[in-house]
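Trainee: here are the coordinates; sequence isn't available:
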């Protein structure tokens, strides 16, 4: 039963909706609610949260009944590395500058794939850096320093 | 006819070598930035405005306008090729355009997108020339009550058209509505769901959401698929649309153009509504709606025409009434002011060279873009042959730079990464993202207009029924709901499974 | 293999090139490098465009590029906070306006910085008065008529604004307070406020002159008063609120240059002089006036005193109006 739950897509979908709704209502309960004819900022979020909870419960139970599996393979590596590479780029832009941030981005994102050939990635990094600088910094005039001293 | 004279005059202005060059420059630049996500016409026009100080106002406006609608053409290119919406309005094109690319039909998709956009551009140029000011006056009749009823109708129609798992689609719409509430509430000034993070005070950016969910989620999913191996698309078929494609597209193109023109003229609608509506309409009247979402060319032809028509017609309120329909328009308005021109009803009489020159140049720009883009189809499709392991980092790089440039803020990137993960999970849970996006776009506007209408009427709910236009939309909404329930009453809907 | 070496060589050259340009040159001459001018609003607004104009001239005058960087969001707070935390070396400046500087400290409960003390004012560029406009068809061609209508109309008057807590909102509130009127505030996001006003669904609005100039010129909106102490150069025929019988009513927008606290005085003075010269130039002056801004200039001390008085004034208004941004 446990392992079946892990792959049960409706169960997870339903749980996601349910808890999102709960979370929304918890956060929004402090916003002034108002009346239907004079709605406050809290009206819509609370109502929507409530609807989501209902939907979530329904979908969860339906999932438990039907037990449909999730399709397709997962790559945990991609799921972690790819967003990580984007976050790294964001973090590095200010302190390190455009080019180092880009280089890290290319490397980390390339590393999230199944195939990783170092020389190829190096070349790709070079190519993308030069191309980006040409297009964005020189071409469009975006005001980002290329390399910063730490 | 007087209009004919005006158009001839316009041609004389637009066809000067200088203005032609400005038009070309604008179109090229626009296409380029349209292809890149995040960097939109707004950022580019802002950066280029100082350059325009040194050239004539007519030339400046022609170039800025070229950038603006050029971006529409470019945005659809990446949407089709790699599920990356370069522009807000290109998101809908991702739905079927990308599927067509997966099937090796990127060529026809790109071609039809360009052709449809050109048709829309031509028709809208005529509409603006003939009816511009009159339409603008009519658009003024749309107040918050009318906008609300219109959007309510749109939302209900979307729910009705939810295909496949209806319950999950509806839940995703609500999810989108909820995500749309993040940010500062216009009517009260309260910041909702911002958790004291300053960057969330203005809500979640549409581009951030769309790029994260569509492009990033797609890449994560692709990387997990060991079968995909080296190349992204197994085989690229013919570059040209087949006769069948053309036949199927003609209707959607015409309908999309009209729909886009309608929304374009209303200043209060955003950029995505036109293409969403066209998609929904085509799906509704199609003989086989199940094809949508799996590479139906109508899903590209209609929305592409709609969003080009929308972009062009948004010039009407700006030029004739001086009301900017979007941030980009506001920028152009500002640029005009700096040049000493005040757009508005007087512009047509005081600066006819500006008005008619611009209108004709818009058509010329569309022509240039179609001529530019059709041959490029071959180039773009050959890009698809690049091994995926090299292609996807490039997509990521351009997405990141583009998104960062939106507000020069790294937070947008963190948010994109978050939505990438979410988008991937949604794919796994079989929760369709398109309804969510629709809710996200329509929700805040609906709420804003609903509360505003009630404020203006001092709490009287009858305002939605007493105004004729609003009443019309409400009636249409009710009819749609009834039409949906009739088949359900006659036979049980057995297709609620995936 | 040869190809490979070529790539390495290119990379090496490029890196050397960039490192050289990126090195900061210790120099007594300011500016020795490009300067970033942060604007806390999205590209396209009048502030942004006029800033770009002035920055272009500054680049020409002082010899190094003054690059405008937009950092919008949270009513201007994001960009302002960024400059507050920047190094006070003169290479990060900001052009800011009344909202984030004088209003937001009162409006936002937990601002993690104080724009009054954490920023050094450099020079005020211009005043941007608010103009009280009414729809042409509303039969309220002057302030007296508007107020009269306000007293008789059922439900009172309605006014639009560019957002809760903006100077457009607060100015209208001040009017309603001073004239003892019931008035319903209908907030919008930025320029959307104009639609319903033009159509006559809204009774009046205090808007910045640039945003409504086209409509005033086309006759769709009637300007019945300006909120500045002196008449606006762009609308010389429109009486001020003070002239119209409301002494002490002064509520407009303005914008100017700021630097992080602690920026060297010599740099501030140099910038101050340069900007003062620029806004006296006839082309710049003409463009500003056409857009509805009145160039001001002056010394950093004058600007500081002005800001202090603005802060005190808006503090009272915000509290009275009950506006908050929670």
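Mentor: Thanks, I have it. Computed from a predicted model, the values in this text were never measured in an experiment.

Trainee: by mean pLDDT, flag the weakest helix or strand of chain C.
Mentor: Comparing every helix and strand of chain C by mean pLDDT, DSSP states H and E singles out helix C:2-22 as the least confident one, with a mean of 50.

Trainee: try chain A
Mentor: Of all the helices and strands that make up chain A, the one with the lowest confidence by mean pLDDT, DSSP H and E is helix A:2-7; it has a mean of 68.

Trainee: which stretches of the stretch 301-450 of chain B have low pLDDT?
Mentor: Counting by pLDDT under 70, the stretch 301-450 of chain B shows low-confidence ranges at B:325-328, B:330-331, B:334-335, B:337-340, B:342-346.

Trainee: 80 instead, please
Mentor: B:317-354, B:374-387, B:405-408, B:434 (pLDDT under 80).

Trainee: confirm that residue C:41 sits in a strand.
Mentor: No. The assignment for residue C:41 by DSSP: H, G, I helix; E, B strand; the rest coil gives coil, which leaves it out of any strand.

Trainee: for it, give me its contacts.
Mentor: Residue C:41 sits next to C:47-48, C:70, C:72, C:76, C:79 when contact means C-beta atoms under 8 Å, 6 or more residues apart in numbering or on different chains. In this view, the C-beta of every residue, glycine as well, is placed from N, C-alpha and C.

Trainee: look up how far residue B:27 lies from it.
Mentor: Using C-beta to C-beta, to the nearest Å, residue C:41 is found at 29 Å from residue B:27.

Trainee: repeat for residue A:20
Mentor: 43 Å.

Trainee: between these two, who's got more neighbours?
Mentor: A count of neighbours by other C-beta atoms under 10 Å in any protein chain shown puts residue B:27 above the other of residue A:20 and residue B:27, at 29 against 21.

Trainee: in the strand or helix carrying the more buried one, what counts as buried?
Mentor: Of the helices and strands defined by DSSP states H and E, residue B:27 is found in helix B:17-35. For helix B:17-35, the neighbour count (16 or more other C-beta atoms under 10 Å in any protein chain shown) marks B:19-20, B:22-35 as buried.

Trainee: can you tell me the centre-most residue of chain C?
Mentor: residue C:97 (3.4 Å; C-alpha atoms, centre = their mean).

Trainee: contact residues of the stretch 1-150 of chain C facing chain B?
Mentor: Within the stretch 1-150 of chain C, the positions near chain B by C-beta under 8 Å from any C-beta of the partner chain are C:42-46, C:48-50, C:52-53, C:56, C:69-75, C:77-78, C:81, C:110.

Trainee: taking those residues one by one, which sit in helices?
Mentor: If you go by DSSP state H, the residues of the stretch 1-150 of chain C next to chain B have C:46, C:48-50, C:52-53, C:56, C:77-78, C:81 in helices.

Trainee: of all those residues, which comes closest to residue B:360?
Mentor: Checking these against residue B:360 with C-beta to C-beta, the nearest one is residue C:49 at 26.7 Å.

Trainee: quick one: neighbours of the closest one, just the number.
Mentor: 26.

Trainee: from residue B:333, how far off is it?
Mentor: When C-beta to C-beta is applied, the distance between residue C:49 and residue B:333 equals 10 Å.

Trainee: equivalent analysis for residue C:142, please.
Mentor: 28 Å.

Trainee: those two - which one has more neighbours?
Mentor: Each of residue C:142 and residue B:333 had its neighbours counted (other C-beta under 10 Å), and the higher figure belongs to residue B:333 (26 against 14).

Trainee: pLDDT weak spots in chain A?
Mentor: A:1-7, A:71-73, A:113-116, A:135-143, A:145, A:147-150.

Trainee: how about the residue nearest the centre of chain B, what does it touch?
Mentor: Of all residues in chain B, the one closest to the mean position by C-alpha atoms, centre = their mean is residue B:89, 1.8 Å from it. For residue B:89, the residues meeting the contact criterion (C-beta under 8 Å, 6+ apart) are B:72, B:75, B:271-272, B:274-275, B:303, B:307, B:310-311.

Trainee: fine by me, thanks again.
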